[in-house]
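A.B. asks: Whatever this is, show me its structure:
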Amino acid sequence: MNDDEDTLHARLSDLRQDHADLDAAVAAISSLPMPDMLLIARLKRKKLALKDEIARIEDQLNPDIIA
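C.D. replies: Numbering: from 1, shown residues only. Here you go, the predicted structure:
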């Protein structure tokens, strides 16, 4: 692996951890008696943005090559 790939793998790992942390936060807030639905919506949008970035990096690391 070269430095670029190492950097992408490190970024991918960080993004996956952030996504998991947001998932846990959404679950915790949702379990409250009076959950803040606006906050939950914001966290879910951030999770979706992270998921999109994860997919983009995965595509860079494993390009779809049609032979």
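A.B. asks: Name the next helix or strand downstream of the longest helix along the chain, please.
C.D. replies: Counting residues, the longest helix found in the chain (DSSP state H) is helix 3-30. With elements assigned by DSSP states H and E, the helix or strand that comes after helix 3-30 is helix 37-61.
A.B. asks: how far does that next one sit from the chain's center?
C.D. replies: 5 Å (Cα atoms, centre = their mean, to the nearest Å).
A.B. asks: Return the set of buried residues in that helix.
C.D. replies: For helix 37-61, the neighbour count (16 or more other Cβ atoms under 10 Å) marks 40, 43, 47, 50, 54, 57 as buried. Just so you know, the C-beta spots here come from the backbone N, C-alpha and C atoms, and that holds for glycine as well.
A.B. asks: just checking, what packs against that helix?
C.D. replies: helix 3-30 (3 or more Cβ pairs under 8 Å, 6 or more residues apart in numbering; DSSP states H and E).
A.B. asks: residues of the helix it packs on that come out buried?
C.D. replies: Buried residues in helix 3-30, counted by 16+ other Cβ under 10 Å: 8, 12, 15, 19, 22, 26.
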